[in-house]
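S.K.: quick one, structure for this:
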Amino acid sequence: MTDFNENTPFLLIARVQVKLGKVDEYIALARATDEAVKASEPGMLHHTFDQDPDDPLKFVWSEVYKDDQAFLTHLSNPPVQDYVTKHEPLADDFCVEVYGTVGNECRAMLENFPVKIFETKFGYSRV
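M.R.: Numbering: from 1, shown residues only. I've put the predicted structure just below:
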């Protein structure tokens, strides 16, 4: 694959800083969201929630999307919308990094978040 666009997979990393005293509540919210995403989003190819080994308040969502449409489906999924609403009082910071080329519609949706997009220059994907 040499043509990266809205029809190709991409990686999204979302970094979360949870408020002190809210870790257990946040993990419960993240777990419920993960289970709902697994059950309802076939375009989500990889979805993990990992804790920083050096800071127990920092977490990372690692997500691989089949294509832009899979990401747009993710954002409109009711459990994900619920997560976004409940996230705010539990976290101090949230930022997104995208690794891969995305189309205009996906890029416009990403602008709703603090985001940095790393465009693919070359490579391949076996995802």
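S.K.: Val98 bridge partners, please.
M.R.: On the basis of DSSP bridges, Val98 is bridged to Leu12, Ile117.
S.K.: please renumber so the chain begins at 103
M.R.: I'll keep to 103 as the first residue from here, and by that count the last item is Val200.
S.K.: ok, residues contacting whichever helix in the chain runs longest?
M.R.: The longest helix of the chain (DSSP state H) is helix 125-142. By Cβ atoms under 8 Å, 6 or more residues apart in numbering, the residues outside helix 125-142 that reach it are 118, 120, 146, 149, 151, 158-159, 161, 163, 176, 179, 181-182, 184-185, 188-189, 192-193. Where you see a C-beta, it was placed from the backbone N, CA and C, and this is true even at glycine.
S.K.: what's the average pLDDT for that helix?
M.R.: Helix 125-142 carries an average pLDDT of 98.
S.K.: check which helices and strands the next helix or strand after it sits against.
M.R.: Following helix 125-142 in sequence order, the next helix or strand is strand 146-153 (DSSP states H and E). If you count contacts as 3 or more Cβ pairs under 8 Å, 6 or more residues apart in numbering; DSSP states H and E, strand 146-153 packs onto helix 125-142, strand 160-167, helix 170-178.
S.K.: dump the ones you listed to JSON lines, plus mean neighbour count and distance to Asp105.
M.R.: Shown next, in JSON lines, are the helices and strands packed on strand 146-153 (neighbours: other Cβ atoms under 10 Å; distance: least, Cβ to Cβ, whole Å):
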{"stretch": "helix 125-142", "mean neighbour count": "15", "distance to Asp105": "28"}
{"stretch": "strand 160-167", "mean neighbour count": "19", "distance to Asp105": "17"}
{"stretch": "helix 170-178", "mean neighbour count": "18", "distance to Asp105": "14"}
